[in-house]
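Here is my input, please return the structure:
(2 chains)
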Amino acid sequence: MRWLPWVSSQNKQVDERVVNTQNKIYKEIYMLIMLICLGSVIVKNAVLDTDRLVITEIVIMLATSLYYLIRSVSLGVYSDAVEVHDRSSKFKMSTKNIVAGSLLGLGLALFFGFRSAILYADGTMQSLWYFILVFAASLMIYIPVFLLLTFGLHTAANKASTHVNKDELE
Amino acid sequence: MKNMKMKLARVEKDLSQEQLAQLVGVSRQTIGLIELGKYNPSLSLCVAICKTLSKTLNDLFWEE
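Okay, here's the model as predicted:
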């Protein structure tokens, strides 16, 4: 682990089974931290009705995800994982990313549409009109944004990782 | 599936699980779990075990 030399254990004798098991635990801890942060963001937004207090949680979630992405790409593991996934799964990773991006955009557009219709409209017709307007505008904004974040980022990361692997094999 | 070949080879060399573990650089439990067939060692650990027990990979880890 040359990236973090102060936590490196290269010179120490290690038991691979212990290391493997520890890595499994670290993976679970990472998922747990993500879930706690996500829960905290949802509870704070619902109970306290403010988004100013959730910056720490957002930074933790984004920074760790970004760290994983950069490290897995720089070590060439990202494209390997995609290759293995695509070989064994019914749907390709890129297809899943397109669907996930579109669904996220659609979900957010629906949320904003309903929110506007409930909070700002008077009467049924105005509610419907506000919903359609906000929903359509949100769709146009958020679907491309989320597609860029999921599919675009995945494609770029996969290409970069494949390049790293190619260089290593030459 | 238990790895009796490895256990026999270790006994032939008159080594305890603890001693073999020390020689290959893992814990006694890992050797125990490999012999019980509950842990699949990496190739490098297999090679280290084979060298210590003066056996080949085929002798210890190939199942017919």
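
Report the separation between the most centrally placed residue in chain A and residue B:30.
Note on chain A: the residue nearest the mean C-alpha position is residue A:65, at 6.7 Å, using CA atoms, centre = their mean. Distance check for residue A:65 against residue B:30: by CB to CB, to the nearest Å, it reads 33 Å. Every residue, glycine included, has its C-beta placed from N, CA and C.

and what of residue B:24?
Here the criterion is CB to CB. By it, residue B:24 lies 9 Å from residue B:30.

May I have stretch A:22-41 as PDB, with CA atoms only?
Output for stretch A:22-41, consisting of C-alpha atoms alone and laid out as PDB, is shown next (Å, rounded to 0.1, in the frame of the first residue of the first chain):
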ATOM      1  CA  GLN A  22      -9.900  -7.700   7.600                       C
ATOM      2  CA  ASN A  23     -10.500  -6.400   4.100                       C
ATOM      3  CA  LYS A  24     -14.000  -7.900   4.300                       C
ATOM      4  CA  ILE A  25     -14.600  -6.100   7.600                       C
ATOM      5  CA  TYR A  26     -13.300  -2.800   6.200                       C
ATOM      6  CA  LYS A  27     -15.700  -3.200   3.200                       C
ATOM      7  CA  GLU A  28     -18.600  -3.600   5.600                       C
ATOM      8  CA  ILE A  29     -17.400  -0.600   7.700                       C
ATOM      9  CA  TYR A  30     -17.400   1.500   4.500                       C
ATOM     10  CA  MET A  31     -20.900   0.400   3.700                       C
ATOM     11  CA  LEU A  32     -22.000   1.100   7.300                       C
ATOM     12  CA  ILE A  33     -20.500   4.600   7.200                       C
ATOM     13  CA  MET A  34     -22.200   5.300   3.900                       C
ATOM     14  CA  LEU A  35     -25.600   4.200   5.300                       C
ATOM     15  CA  ILE A  36     -25.100   6.200   8.500                       C
ATOM     16  CA  CYS A  37     -24.200   9.300   6.500                       C
ATOM     17  CA  LEU A  38     -27.200   8.800   4.200                       C
ATOM     18  CA  GLY A  39     -29.500   8.200   7.100                       C
ATOM     19  CA  SER A  40     -28.200  11.300   8.800                       C
ATOM     20  CA  VAL A  41     -28.800  13.500   5.700                       C
END
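
Next, the buried residues of it.
For stretch A:22-41, the buried set under the neighbour-count rule, 16 or more other CB atoms under 10 Å in any protein chain shown, comprises A:37, A:41.

swap in stretch B:40-53?
Of all the residues in stretch B:40-53, those buried under the rule 16+ other CB under 10 Å are B:41, B:45, B:46, B:48, B:49, B:50, B:52, B:53.

Pick the one among those residues closest to residue B:5.
Looking at the buried residues of stretch B:40-53 and their distance to residue B:5, the nearest is residue B:53, at 9.7 Å (CB to CB).

The buried residues of stretch B:40-53: which ones sit near chain A?
Under the cut-off given by CB under 8 Å from any CB of the partner chain, chain A has B:41, B:45 from these close to it.

Could you dump the buried residues of stretch B:40-53 into a markdown table and include secondary structure and pLDDT?
Output for those, formatted as a markdown table (DSSP: H, G, I helix; E, B strand; the rest coil; pLDDT from 0 to 100):
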| residue | secondary structure | pLDDT |
| --- | --- | --- |
| B:41 | coil | 95 |
| B:45 | helix | 95 |
| B:46 | helix | 96 |
| B:48 | helix | 96 |
| B:49 | helix | 97 |
| B:50 | helix | 97 |
| B:52 | helix | 97 |
| B:53 | helix | 97 |
